[in-house]
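Colleague: Take this sequence and fold it.
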Amino acid sequence: MILKRAALIAGVLILASAGAATASTGADRRLIVGGTLASTSEAPWAIALTNSNSSKQSSRWCGATLVRADKIITAAHCMTKPADSYTAIQGRADLLDDETGRTSAISRIWIHPDYTNNRNDFAVLTLAQPFTGVPTLKLETDPKADRKGVVPTVYGWGDTEDTGPADTLQKAAVPDLGDSTCLADKGYVGNGYTAATNICAGYLEGGRDACQGDSGGPLVLNGRLLGTVSWGRGCADRGYPGVYAEIAPAAPILRTQLDR
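Modeller: Reported below is the predicted structural model:
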């Protein structure tokens with residue numbers, strides 16, 4: 001089954017949060033699988049997005065990236081609830097430790113106008129309380145940055161399938177496999193994979209991958225936001241890499257929102 005890494009939508013591959021309105025498919029995939037613990041000091045721009053409708057004790061929902069003091073980028077498919085139900089959290093490695101980090105409500109949600117069939121899976125959220133003084137991550141604007149052989153790193157608080165503590169910031173290096181790998185799978189193509197809008201990254205042997213709860217989180221290469229967690233088939237399953245929304249093709253329209 002193809003799952004988004006936020007909520008499970010029947011018949012579609014999505015990767016957002018196990019806590020986000022999950023269709024009754026019986027599947028409950030988990031956080032970055034096979035990763036290692038990450039610190040908020042090494043990734044201060046990594047944002048946890050919680051929601052009051054989440055079934056998780058931590059209210060975990062999705063991931064996001066701080067790209068301006070008052071703007072974060074996440075996945076469009078994470079935006080299924082009212083703006084006032086979301087909270088952005090910065091600087092909190094363990095989501096159950098509410099004595100650390102900073103929080104902000106969301107004052108505005110923008111969804112990419114061409115978001116459809118798992119393509120252009122982007123949303124820009126405006127923070128009611130800017131995270132001033134926190135390093136931000138620059139957008140990757142060169143489409144050539146998505147190329148086979150480079151090894152970006154994905155960050156998130158999502159499910160781990162017992163390879164690490166849940167609700168805790170983790171990271172995993174996921175090699176870029178090139179568009180041809182995902183385009184060779186009819187299921188991926190049928191669920192919207194295109195070279196123009198996506199990045200195919202992970203391990204064909206399985207074992208390491210983003211998962212439910214990681215949707216919208218950062219895929220980072222050379223200090224820039226290369227992509228965001230979007231979807232995949234299962235989590236870390238053999239033969240099925242993760243799919244990321246590619247930043248560079250969308251950078252011009254994203255920037256118009258970031259500068260508002």
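Colleague: all helices for this protein, in order.
Modeller: Assigned by DSSP state H, the chain shows helices spanning 179-183, 186-190, 247-258.
Colleague: Of those, which is nearest residue 135?
Modeller: Of all those, it is helix 247-258 that lies closest to residue 135, at 15.5 Å by C-beta to C-beta. Bear in mind the C-beta positions are built from the backbone N, C-alpha and C, glycine included.
Colleague: elements contacting the closest one?
Modeller: Other helices and strands packing on helix 247-258, by 3 or more C-beta pairs under 8 Å, 6 or more residues apart in numbering; DSSP states H and E, are strand 71-74, strand 123-127, strand 138-139, strand 224-233.
Colleague: tell me which residues in it are buried?
Modeller: 247, 248, 249, 250, 251, 253, 254, 257, 258 (16 or more other C-beta atoms under 10 Å).
Colleague: what does that helix contact?
Modeller: Outside helix 247-258, the residues that touch it by C-beta atoms under 8 Å, 6 or more residues apart in numbering are 67-68, 71, 73, 110, 112-113, 120, 122, 124, 139-143, 145-146, 196-197, 225-228.
Colleague: now swap in stretch 47-60 and tell me
Modeller: Around stretch 47-60, the neighbours that count as contacts under C-beta under 8 Å, 6+ apart are 17-21, 61-66, 72, 74, 78, 81, 85-90, 92, 95-96, 125, 157-158, 167, 169, 213, 216.
Colleague: Quick one, which of those residues are buried?
Modeller: By neighbour count, with 16+ other C-beta under 10 Å, these hold 17-21, 61-66, 72, 74, 78, 81, 85-90, 92, 95, 125, 157-158, 167, 169, 213, 216 as buried.
Colleague: my guess is residue 239 meets residue 203, correct?
Modeller: No - applying C-beta atoms under 8 Å as the test, residue 239 and residue 203 come out as separate, 9.8 Å apart.
Colleague: Need the buried ones from the contacts of helix 247-258 selected in PyMOL.
Modeller: For the buried members of the contacts of helix 247-258, the matching PyMOL selection, counting by 16+ other C-beta under 10 Å, is:
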select buried, resi 67+68+71+73+110+112+120+122+124+139+140+145+146+197+225+226+227+228
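Colleague: what's near enough to touch residue 157?
Modeller: Contacts of residue 157 by C-beta under 8 Å, 6+ apart are 31, 48, 58, 60, 63, 95, 167-170, 213-214, 217.
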